[in-house]
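Asks: Whatever this is, show me its structure:
(2 chains)
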Amino acid sequence: MRLSKRSAAGVLSAPWWPGIAVRGLTVSPVWRRRILAILLPAFILLAWAMAARLAWVSPQVLPAPGAVLATLAELFASGELADNIRVSLFRIGVGFAGGAALGLALGACLAFSATVRAYLEPTLRSLFAVPTIGWIPILILIFGIEETLKLLIIAKAVTVPVTLHTADAIGRTPPRFLELADVLGLRGWARLRYVTGPPALPVICNGLRLGLSSAFIALVVVEMLAATEGLGYMMVWGRTLFQLDVVIAGIILVGVVGFVLDRVLSHGMSRLRRGGYGVG
Amino acid sequence: MAWAEPGAGEDRQVPARVQNESEGRRRNAGNVRAARRRVLPWRGAVVPGVILLLWFWAVDGGRVSHALLVPLTQTLAAPWHDPAGQQIWAAAGISLLRMLAGLSIGALLGVVAGVALGLSATARTVGSPTLHALRQVALFAWIPLLTAWLGNGEAAKITFIALGAFFPVFLNTEQGVRDRAVVYQELSAALLLPWRVRLRQVVLPGALPAILVGLEMALLIAWIGTVGAEYAIGTGRGIGAFLATSRDQFRMDLILLGVLVLALVGGAGFAALRGVARSAVPWLKQEEAK
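Replies: As a prediction, the model looks like this:
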């Protein structure tokens, strides 16, 4: 207050008020942001801890934050967590690889051949219109609840966005580029590498990223519905035994693993784009 | 489609420009092939037609028999002649109502949160990290917790659907409000409009296209969430429960029927919403064409 009055009066000399106190009064914008950002999580955590401590709700319904943390640590120490995450990551890896390969191939076929597009596109679009959740009962009857089911469901979830984005991306090459490529006589690999590829890559990468996020959602669903191990199963198991600390720990883990997967993929993509092509 | 949220992870996320550009390309190409395709639209029907004929010939004709290979006619007749199949009508209606309940709650909260966070930088700093952290969790991971807290009835299902519908509406609304044109902000400030008028006359109309895009995505997620929740929880009625029961009874014909209805109702709902949105916001079409 004093400071502003003095400066308003045009006093240019150093403030007589001690420097520390001035800094204590005016919070820098960075710190203001940090404090504000932490406000809501801190409040939620506090309310949660108080609700648990003061037994507003039974600990069975809302385990204390400490209990969830302890459960996480215990799951981690016993190796159970690592096992479950390994199983889930394996499923994601295989399903994503298969689904992405199929999606890239389908998308390329649709984009390069008008005939294929005319014959297949309506069928594919109607199949794609069936959400993943609809495929689960069909595939359960055919394949049971074995590993095949999970991999197929995850692959399906990946194929849809990858196909659509790939077909769109390749079809989007500017006609002038294509004309130039014709003039230069570029065919096959060279054409893909220098003409069709570079402008398509960012969109395809987007498709892959969407695919991975769909794959992760599909993984959680299919593990919850039909599995005996994996992250999703761990949560359902915690729910069945009414161990909500396991369930909440599972939610946190699902969030973290999903986030990390997305980060890793988009980091890899941006490296590929920068390393492989000059064109973004 | 600048507001599209890439991580939402629902199945049919084709950016609107995808379709527009491919249409444009088709027009630009203008070659013989394109012309022939327009003349011969039946080519898209060849593959499904062959599959259906093969199905009819092999299974209905009794040439192949397996518990999973149900006759085509039986599947198509199920909603009329099969006592278990007749329940699909009620199931679809109940699922639709349930989705609408969850969607309206989620979308309303999403618009409120989006407007608040879009208008105020402070609100954004406070709310954004928490909401984005919650968004990281794959939607279906909430089901065990919600059923533990709210039971297996409507409360858990509708909360789950609302949760799924909330995020796309919230994200798009926030973006739409933040992207509102500076000129309108300056104008409304210069005119000293009261905040209520500002909200109704400036902020909401400006964000409406973005809100509608969010609503379309929310509808898809809510529909998947509805059927998924019914299927996972398995109690009560609805298409998801219908599918779960048919699966337990090993009735492939009913499952195929349920999945068909699931896709049709979802698609019809999406088309209806899109139609309403187009007529409510005529400028949306021009914006997309850009």
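Asks: going forward, measure contacts and count neighbours with C-alpha atoms only.
Replies: OK.
Asks: hey, where'd the helices end up in the chain?
Replies: Went with chain A since none was named. Counting by DSSP state H, chain A has helices at residues A:2-8, A:19-25, A:29-53, A:65-78, A:80-112, A:114-128, A:132-143, A:147-171, A:175-184, A:188-191, A:197-225, A:231-240, A:244-276.
Asks: meant chain B, my bad for not saying
Replies: Going by DSSP H, chain B shows helices at B:16-29, B:32-39, B:43-55, B:72-81, B:87-119, B:121-135, B:143-150, B:154-178, B:182-190, B:195-197, B:204-233, B:239-248, B:252-280, B:283-289.
Asks: that older thread, where among the helices of chain A is the average confidence lowest?
Replies: Among these, helix A:2-8 has the lowest mean pLDDT, at a mean of 41.
Asks: how about the residue lying farthest from the centre of chain B, what does it touch?
Replies: Most distant from the centre of chain B: B:Ala190, at 40.5 Å, with distances by Cα atoms, centre = their mean. If you count contacts by Cα atoms under 8 Å, 6 or more residues apart in numbering or on different chains, B:Ala190 has none.
Asks: and the gap between it and chain A?
Replies: Distance, B:Ala190 to chain A, by Cα to the nearest Cα, to the nearest Å: 27 Å.
Asks: what pLDDT does that residue get?
Replies: pLDDT at B:Ala190 comes out at 81.
Asks: Same check on B:Ile233?
Replies: The pLDDT attached to B:Ile233 in the predicted structure is 84.
Asks: Thought B:Glu154 was touching it, still the case?
Replies: No: contact criterion Cα atoms under 8 Å: B:Ile233 and B:Glu154 do not qualify, at 10.6 Å.
Asks: Between these two, tell me which one has more neighbours.
Replies: Between B:Ile233 and B:Glu154, counted using other Cα atoms under 10 Å in any protein chain shown, the more crowded position is B:Ile233 (21 against 15).
Asks: Let me know how buried the residue in the stretch 51-200 of chain B positioned nearest to chain A is, in neighbour terms.
Replies: With Cα to the nearest Cα, the shortest gap between the stretch 51-200 of chain B and chain A falls at B:Val137, namely 4.0 Å. A total of 22 residues lie near B:Val137 under the criterion other Cα under 10 Å.
Asks: Contacts only, for the closest residue to it other than its chain neighbours.
Replies: Once flanking residues are discounted, B:Val137 sits nearest to A:Gly255: 4.0 Å by Cα to Cα, 6 or more residues apart in numbering or on different chains. Counting by Cα under 8 Å, 6+ apart, A:Gly255 makes contact with B:Ala133, B:Leu134, B:Arg135, B:Gln136, B:Val137, B:Ala138.
Asks: The third one is in contact with B:Phe166, isn't it?
Replies: Translated: B:Arg135. No: counting by Cα under 8 Å, B:Arg135 stays clear of B:Phe166, with 9.8 Å between them.
Asks: Which of the two has more residues huddled nearby?
Replies: More crowded of B:Arg135 and B:Phe166, by other Cα under 10 Å: B:Phe166, with 29 against 19.
Asks: who's in contact with the more buried one?
Replies: By Cα under 8 Å, 6+ apart, B:Phe166 lies in contact with B:Leu103, B:Gly106, B:Ala107, B:Leu108, B:Leu109, B:Gly110, B:Ala218.
Asks: 10 Å - rerun?
Replies: B:102-111, B:113-114, B:135, B:160, B:214-215, B:218, B:221-222 (Cα atoms under 10 Å, 6 or more residues apart in numbering or on different chains).
Asks: Please tell me how far it sits from A:Phe216.
Replies: Using Cα to Cα, to the nearest Å, B:Phe166 is found at 20 Å from A:Phe216.
Asks: So, low pLDDT: which residues of chain B?
Replies: Within chain B, the ranges that satisfy pLDDT under 70 run B:1-41, B:282-290.
Asks: any idea which residue sits dead centre in it?
Replies: B:Leu220 (1.0 Å).
Asks: wouldn't that one be in contact with A:Pro131 here?
Replies: Yes: using Cα atoms under 10 Å, B:Leu220 is in contact with A:Pro131, at 9.3 Å.
Asks: Any buried residues in stretch A:71-80, and which?
Replies: A:Thr71, A:Leu72, A:Leu75 (16 or more other Cα atoms under 10 Å in any protein chain shown).
Asks: ugh, wrong one, stretch A:142-149
Replies: Under the neighbour-count criterion of 16+ other Cα under 10 Å, stretch A:142-149 has A:Ile145, A:Leu149 buried.
Asks: Show the end-to-end separation of it, please.
Replies: Termini of stretch A:142-149 sit 9 Å apart (Cα to Cα).
Asks: Next up, the contacts around A:Asp262.
Replies: When contacts are counted by Cα under 10 Å, 6+ apart, A:Asp262 is found next to A:Arg209, A:Leu210, A:Leu212, A:Ser213, A:Phe216, A:Val256, A:Gly268, B:Gly7, B:Gln136.
Asks: quick one: which of the residues you listed is most hemmed in?
Replies: A:Leu212 (32 neighbours).
Asks: Leaving out sequence neighbours, find the closest residue to it.
Replies: Sequence neighbours aside, A:Val158 is the residue nearest to A:Leu212 in space, at 6.4 Å (criterion: Cα to Cα, 6+ apart).
Asks: and the stretch 51-200 of chain B, which of its residues are near chain A?
Replies: When proximity is defined by Cα under 10 Å from any Cα of the partner chain, the stretch 51-200 of chain B lies next to chain A at B:67-68, B:121-131, B:133-149.
Asks: State the number of residues packed around A:Ser266.
Replies: Neighbourhood size, A:Ser266 [other Cα under 10 Å]: 16.
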